[in-house]
Each structure stands twice: as structure tokens, then as C-alpha cells.
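Visitor: Okay, structure incoming, though there's no sequence with it:
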Ligand code: ASP
């Protein structure tokens, strides 16, 4: 039978052409050998009849030389090397040679060699490209990248990102299996689980008028698996939340979901610390010290103005109540008298900020919700600022001391009836100044557990309490009875894991007593009847000898992004959606035929624009 070479047709790709090496692996040790490489043409240079191309596969490039003098055959049957265009897919046979002196490229693994083509086959030509695949990703408009995602994913960076993500999966499975976790799948077509977002609904054709919800998380199922005796469960699972997409969210995302029986907070946290340590070692060869620091929610708010503080930024907030509580500046005194807060953020070196810079900072603070931003600056050892004239000597000294004001520093002050508001505005400013003034130690990995969140938060719009995590989180046991009398005070057995200012996971010890679960529902305004209707199956399950249990979910997209050094989770997802929740590649979501809607017993109301 004739070989592909003889047939000269792309569909005759056979052993004769099949690669003997990846492009990026052709090294000096192969000099003198006949090899075969397959890949895409990227960058072609014609130098007086000699043609150089970079041939790529995921392992990197290798240089191919088509020299009509020494390789008179090169040119294949149908096309000549001169006809090759960007992203044509080809197979090349040739001899590995040393690059002539002075033409080596030390930046490349294959930079010392080239392949002198003796023969090649065009496997598939390419249409003209919407963008050069060889260019840096960030040069190309993202919508164009998403519309031609298959080309975008051919780029070196995207290849590396998705391959790193795959390593994360492999590590996760190995680590959890080694620690006796069982991987179990839970349904995608299911009933709503409240995690605070809207559900994606799927109509049931065979149950007219009824809908499944896609899971916001496998929360109820994983808890039920604890009832069933799978005392260490995990799943790498897709979850769906129909939210208005803020900056870096996706309607479908991936979690490492974990649940364990007969545990307290420490057991879950220690397991996850071991996981993170191993993950960072495996993927980045970084040693992250364990155990991670732990901090109560309210301490995180008081010190950093955030429940996910970036500990790479050195500044901490301070409480100025001792300065202004009995002070002569009335507006601050009044706020403190009525249980409000006066808090401040020190900025080392901030005395050099000009009036214009200060007023820009104040504008930003107002956008974040501050009614105003006070500022003090220490210039030549003298305290300056519009409020100084309202303060006596002792108050000024106390301010300098509490604010840690050295010469050349500044202090930003926010007073607000709400402690949370005062702190979070300064927390946002802390992040902003940390970034814009280069105060972030970019090399550090700062892990932190934030623990003891409030169990409930007040929803002003709905005028009721809502769960800060989800309604299955256990209150701190000693505070159980405050649930009915002072719900805002009750703390939760919840923990979030934060890395460099990003929440990378969260979980809790759960309520395992159905009576307590009913009480928690009642606090959230879910009455007995509604609880039965929505969660009856779950309450029933809890009533059959449920072990104490708890768990956590880690955000895979965010973790992968951090491990890849990326800026957006879209860069570690093969086919992400836009902010309007659209897939620009497949054009989903899309209209469907009337007949299909009829089958589903659905009629669409006209869309008002
Ligand atoms: N179900 C929670 C979430 O998806 C995580 C957990 O509590 O384990 O955020």
C-alpha cells in the first residue's frame, strides 16, 4: 500500500507522518537524527529562497528550515513551503541539525537546533486569522478572543493555564483520596438550595409546570451523604448562580466540595491547610507555612475593614474613639455617643500627598459610601489638617500616638453611625492605596482563616434576617438561645479561607439537630409549612441519627487563577461567559422553536426593551 507521502493527501495522515517528538522537545541530544514533528505554522521568514518557520504544539516551538538546495524534495506534493500560512497544520520529516553559530536562541528550549525539512505534508490549511495566535493575549480584544476561543486556547499562555488547572484537579483527587475521601456525584437537576443567589431553572417536560433548579451548591446532598455514612465526601463540581455578574463572576463555576462527619472546625481547617500546602508545593514549588493565621470576623473588620483582608498590605486601621469620645470636636463626639464609630487608616509617607491628591482620594471614599474623609498629615513634626484647630493639645498627642503618626505620615479618618461602614470604607481605601502606592508584597502568599462570622445579617429591603452563609450553618453553641432574642449577635461556626485578599473558599460546621434547623429557618422567616415544603426531605433525613458534621467548598476558578498568576477567572476557564452571561462562541443562550416550548408547556411573555 502506498504511504501518505505517495498519496500526498492530508487524509492519508499515517505512521509515516506521525510525530516522533513534540516540537518543543527537540533538543541537542537529537542532533543527527531523523525525526517527525506535527504542529501549526507560526511566524514564517523567507530569506532568499530559504524558508524558516516556527512549528508549534503545546510543548513550544521548533525551527524548521526549508532549503531548496540541500532539501530539493521539501515542498510536499500539493503545496510548497512558500505557500504555508499562519496556523496551517502540517507534518514535517527532517534531520535535526545544530543552528549555525550566532543564530541560536537561548530563550528557547529548542534554541540550539533546527530541523532541516526533507519532506512535509499539509494536514489542514487555515482560514485567514482574526488575530495572530502568536501575539500576547492581552493585545487582543477579549470579545474577539471569546468568539474564536479555539484559536485563543492555542496560545501558549492559555495552554499553560488550562494545563495548570488540570494539575490542580489531579492533585486534588490524589490528596483527597489519600485522606480517605470518597468522590461522589450529586444531581445537576435538583431542587433549589439557598446560597443567596437566584437559581437557574430547567422545565420538566414530563412534569408539566414543574421545574428543576441547577445546584447553587451540592449543600443538601452532601449533608445527606453524611447521614448515609460517607463520612468523608468530596466532589469537583459545577455550580450555577444566576446573579447580575459583577467584575469577575461566572454563572457556572467549579468548586472542590468537601464534607466530613464527627468533626469540629479545626479538623476541616487542618485538612484544607494540608491540601493548600501540597497544592502550592506541587504546582508552584512554593512552601507555604501552616497553620494559617486565624482571625475573628469582627477583628478582620476592625483591623482591615474587610472580611477578606489582603495581609500583604502592611497598614492596619485604628479606633479613634479614645481621642474623640470626650473631645472638643462635636460631630465626632455625637457619632460616638450614639454608638457609631470613628476609625482611621494610617498611610506611612502620606504627608507628601498634595491637596489635589487628597481631594481625589476623598472623592473615591465618598463613592464607597463615606459621608466625608478627614485627613491629618505630619509635616516637619507638626500635625496638620482641617480638624486640628478643633482639638486640644492632649487630643492631638493622643491622635499621634494611636495613629502611629511619625513625621511624613498621614492618617485618613471616617466617622459613621455604622461601625461596619466606617471600617469598610477605610478597608477599601487601604486596598486602593496598597495597589496604587505599590505597598503590596507581590511575592507573598498570605493565607488567613476568617472565623466566627455573624450567623445572620439584616436585609433592609426584605425587612428580615437572612443567613450570612447559608441556613444550614451552626450557631456558636453557647449562643444558641440568642437566635430568637438577639439574632444579630449570634456568631456562626463558619470559616472562610482567604488568600492575598481573595476569598478562595468557605464553609462551616452544620446544624445536625432537626429541631435547631427548624429554629434557624424560623429566624429567617421560613415558617414550619414552608420549611416542610422546601426542605422536608432534608429535615426528615436529619432526623435519622445524623452525625455532627461540617465542610467547605473551595473556588477552583479563583484558585487556578491565582496559581497561574492571572488577573481574571476567564483566563483559566476554557469556555467562559461574558458579563451578560453569554457564550460568544456557541451563541448561547438562544431562542428556541415554538414547538419545543409547547412541549414544555411554556409560553414566553413579549420582551419589553
Ligand atoms: N455550600 C457552601 C458554598 O457553596 C460551602 C459550604 O458551606 O461547604 O459556598
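Guide: Perfect, I can see it now. All values derive from a computational prediction rather than experimental measurement.
Visitor: Run through the helices of the stretch 501-609 of the chain in chain order.
Guide: Using DSSP state H, counting those that start in this stretch, the helices assigned to the stretch 501-609 of the chain run over residues 514-523, 528-542, 556-564, 594-599.
Visitor: For the ligand, find the nearest of the ones you listed.
Guide: For those, distance to the ligand was read as CB to the nearest ligand atom. The smallest value, 11.8 Å, belongs to helix 556-564. For the C-beta atoms, the positions are set from N, CA and C on the backbone; glycine is no exception.
Visitor: Would you mind naming what in the stretch 51-200 of the chain lies close to the ligand?
Guide: Counting by CB under 6 Å from any ligand atom, the residues of the stretch 51-200 of the chain lying close to the ligand are residue 195.
Visitor: now do the chain
Guide: Remark: the part of the chain in contact with the ligand comprises 195, 217, 219, 470, 506-508, 551-553, using CB under 6 Å from any ligand atom.
Visitor: Inside strands: which ones of the residues you listed?
Guide: Secondary structure of the residues of the chain next to the ligand is defined by DSSP state E; positions in strands are 506-508, 551-553.
Visitor: and these as a markdown table, adding neighbour count and pLDDT?
Guide: Below are those laid out as a markdown table (neighbours: other CB atoms under 10 Å; pLDDT from 0 to 100):
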| residue | neighbour count | pLDDT |
| --- | --- | --- |
| 506 | 21 | 98 |
| 507 | 27 | 98 |
| 508 | 24 | 98 |
| 551 | 24 | 98 |
| 552 | 24 | 98 |
| 553 | 23 | 98 |
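Visitor: now, which of those residues sits nearest residue 95?
Guide: Closest approach to residue 95 among those (CB to CB): residue 553, at 53.9 Å.
Visitor: which one is the closest one nearest to, not counting chain neighbours?
Guide: Of all residues not flanking residue 553 in the chain, residue 255 sits nearest, at 4.3 Å (CB to CB, 6 or more residues apart in numbering).
Visitor: so the strand or helix carrying the one you found versus helix 556-564, what angle?
Guide: Assessed by DSSP states H and E, residue 255 sits inside strand 252-261. Our comparison of strand 252-261 with helix 556-564, counting by axes from the mean of the first three to the mean of the last three CA atoms, to 10 degrees, yields an angle of 100 degrees.
Visitor: Centre of the chain to strand 252-261, how far?
Guide: Strand 252-261 has its C-alpha centroid displaced from the chain centroid by 15 Å (CA atoms, centre = their mean, to the nearest Å).
Visitor: That strand packs against which elements?
Guide: If contacts are counted by 3 or more CB pairs under 8 Å, 6 or more residues apart in numbering; DSSP states H and E, strand 252-261 sits against helix 219-227, strand 232-240, helix 265-284, strand 549-555, helix 556-564.
Visitor: 10 Å - rerun?
Guide: Using 3 or more CB pairs under 10 Å, 6 or more residues apart in numbering; DSSP states H and E as the contact definition, the elements that strand 252-261 packs against are helix 156-178, helix 219-227, strand 232-240, helix 265-284, strand 502-509, strand 549-555, helix 556-564.
Visitor: TSV please, covering the ones you listed and showing distance to residue 331.
Guide: What follows is the helices and strands packed on strand 252-261, written out as TSV (distance: least, CB to CB, whole Å):
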stretch	distance to residue 331
helix 156-178	51
helix 219-227	46
strand 232-240	46
helix 265-284	42
strand 502-509	35
strand 549-555	42
helix 556-564	41
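Visitor: what's the closest of the helices of the stretch 501-609 of the chain to residue 358?
Guide: The closest of the helices of the stretch 501-609 of the chain to residue 358 is helix 556-564. By CB to CB, the value is 33.5 Å.
Visitor: Could you check the angle the closest one makes with strand 232-240?
Guide: Relative orientation of helix 556-564 versus strand 232-240 (the same axes, to 10 degrees): 100 degrees.
Visitor: buried set for the longest strand out of those in the chain?
Guide: Among all segments of the chain classified by DSSP E, the strand with the greatest residue count is strand 34-47. For strand 34-47, burial by neighbour count (16 or more other CB atoms under 10 Å) applies to 35-42, 44.
Visitor: quick revisit: most neighbours per residue, which of the helices of the stretch 501-609 of the chain?
Guide: Using mean count of other CB atoms under 10 Å, the stretch among the helices of the stretch 501-609 of the chain with the largest mean neighbour count is helix 556-564, at a mean of 22.
Visitor: Relative to the whole chain's centre, how far out is it?
Guide: Taking CA atoms, centre = their mean, one finds helix 556-564 lying 5 Å from the centre of the chain it belongs to.
Visitor: relative to helix 156-178, how tilted is that helix?
Guide: Computed by the same axes, to 10 degrees, the angle between helix 556-564 and helix 156-178 is 120 degrees.
Visitor: Closest to residue 84 out of the residues of the chain next to the ligand?
Guide: Top of the list for closeness to residue 84, among the residues of the chain next to the ligand and by CB to CB, is residue 553 at 48.5 Å.
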